[in-house]
Structures are given as structure tokens and as C-alpha cells.
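Asker: curious how this folds, go ahead:
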Amino acid sequence: MAEEEMIILTAREAAEYLRVSLYTLRRMESDGSLIPFRTPGGHRRYSLRMLNEYLEQSRLSSRRRRSGSESRVK
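Answerer: Predicted coordinates for the structure are as follows:
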């Protein structure tokens, strides 16, 4: 896990990792889902840990939505 915290990705790399477009990555940032680090030059950087936490939260919320819709169908 400590290794995961040390891996920093560019915006393009983060978008590829999440399998989203750069536009979607920026939307995720603007809605507060992800908060990137900024380099002194203003470039966005994302830790692998942050991206994995986002993915886990997404999985959990989609499971909750699915289980809620299944209970309404019955």
C-alpha cells in the first residue's frame, strides 16, 4: 500500500487509468469527486491511491443503487 501512495500520475495517465476522457476527469474534479495535487507550474497530478479510493467508492455506490432498484422491482 505504501508503494501505491508514492505513485503519481499526470491528468492524461489518470484518465487512462480510470478509462475516462480528460473532459470527464475535469468534471470529476469540479464536482469534488477528485482533488488533484498541483505542481508549482499548475499541472494536475493524481495519486494512484486517490484514484483507487474513487473507484472503490464508485463501486460501492453503484451496488447500493442496484440493490435499491432490485428491491423496488420485486
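
Asker: residue boundaries of the helices in the chain?
Answerer: Listed in chain order, the helices of the chain (DSSP state H) span residues 2-6, 11-18, 22-30, 48-73.

Asker: any stretches of this protein with poor pLDDT?
Answerer: Within the chain, the segments meeting pLDDT under 70 span 1-5, 68-74.

Asker: switch the cut-off to 90
Answerer: For the chain, the stretches with pLDDT under 90 are 1-6, 58-74.

Asker: that older thread, give me whichever of the helices of the chain is most buried.
Answerer: helix 11-18 (a mean of 17; mean count of other C-beta atoms under 10 Å). Quick note: C-beta positions are derived from backbone N, CA and C, even for glycine.

Asker: which other helices and strands contact that one?
Answerer: helix 22-30, strand 44-47, helix 48-73 (3 or more C-beta pairs under 8 Å, 6 or more residues apart in numbering; DSSP states H and E).

Asker: which one of the ones you listed lies closest to Leu9?
Answerer: strand 44-47 (5.0 Å; C-beta to C-beta).

Asker: that closest one pairs with which strands, parallel or anti?
Answerer: strand 8-10 (antiparallel), strand 37-38 (antiparallel) (DSSP bridges).

Asker: list the buried residues of the first one.
Answerer: When you say that, I think you mean strand 8-10. Neighbour counts using 16 or more other C-beta atoms under 10 Å place 8-9 of strand 8-10 among the buried residues.

Asker: next one: it to chain centre, how far?
Answerer: Computed by C-alpha atoms, centre = their mean, to the nearest Å, the chain-centroid distance of strand 8-10 equals 12 Å.

Asker: which residues touch stretch 34-52?
Answerer: 1, 4-5, 7-11, 13-14, 17-18, 25, 28-29, 54 (C-beta atoms under 8 Å, 6 or more residues apart in numbering).

Asker: measure it end to end?
Answerer: 11 Å (C-alpha to C-alpha, to the nearest Å).
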